[in-house]
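Enquirer: show me how the following folds:
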Amino acid sequence: RLLMPTLLRYCQEFPKSVLIARKMAYQCAKKITHLVLETDAFMSTQSGGGGGSGGSGGQAGDSSNTNSPNKTATIPGTNQPLPPVLAALMELQNDAYNRIIILTLSAVIQTIVLECPTALVWTYASENKAHSSLSGSPLDFLPNVAPSSLPMA
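Expert: A predicted model of the protein is given here:
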């Protein structure tokens, strides 16, 4: 949270180096995934739909309170509920503490997507010779969402 203003200040400098842009996109995608997986909106849909997870069983009492807002959150123009990832991103965006974090991380990824798309290309590094941020694509670590679907201010 303390580094977010600094990230925004130097956000235009990251795409100047493909390696730095790739590592920043990797770290931002990992943090966004971690935040999404920790939200009540994502946890309640996972425990309500699967019903067999032992780790989410302790939060079964709390999930009844969080399921009712999710049932009212629908895709505009339809009666279909929002996908769990989009509901989690909306919850993060509405939370006062996490709002600056999710918006900053999304802005960094959007800047890299627009100004240095080569940093997000899938690459294969030979076995165990490269760091995990250098193999694959940093977008593979996003929680089943396109970069264009990330929240923006």
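Enquirer: just give the closest residue to residue 144, not the sequence neighbours.
Expert: In this structure, residue 144 finds its nearest non-sequential neighbour in residue 85, 5.5 Å apart by C-beta to C-beta, 6 or more residues apart in numbering. Where C-beta positions appear, they are placed from N, C-alpha and C, glycine not excepted.
Enquirer: burial measure for the one you found, as a count.
Expert: Neighbourhood size, residue 85 [other C-beta atoms under 10 Å]: 20.
Enquirer: with residue 40 instead?
Expert: 19.
Enquirer: any idea how far it is from residue 86?
Expert: In this view, residue 40 and residue 86 are 14 Å apart by C-beta to C-beta, to the nearest Å.
Enquirer: can you give me the helices for the chain?
Expert: 4-9, 18-38, 40-50, 60-72, 84-94, 96-115 (DSSP state H).
Enquirer: so which bits of the second one are buried?
Expert: Okay, so that is helix 18-38. By 16 or more other C-beta atoms under 10 Å, the buried positions in helix 18-38 come out as 18, 21-26, 28-33, 35-36.
Enquirer: the residue nearest to residue 144 reaches residue 41, doesn't it?
Expert: No - using C-beta atoms under 8 Å, residue 85 is not in contact with residue 41; the gap is 9.0 Å.
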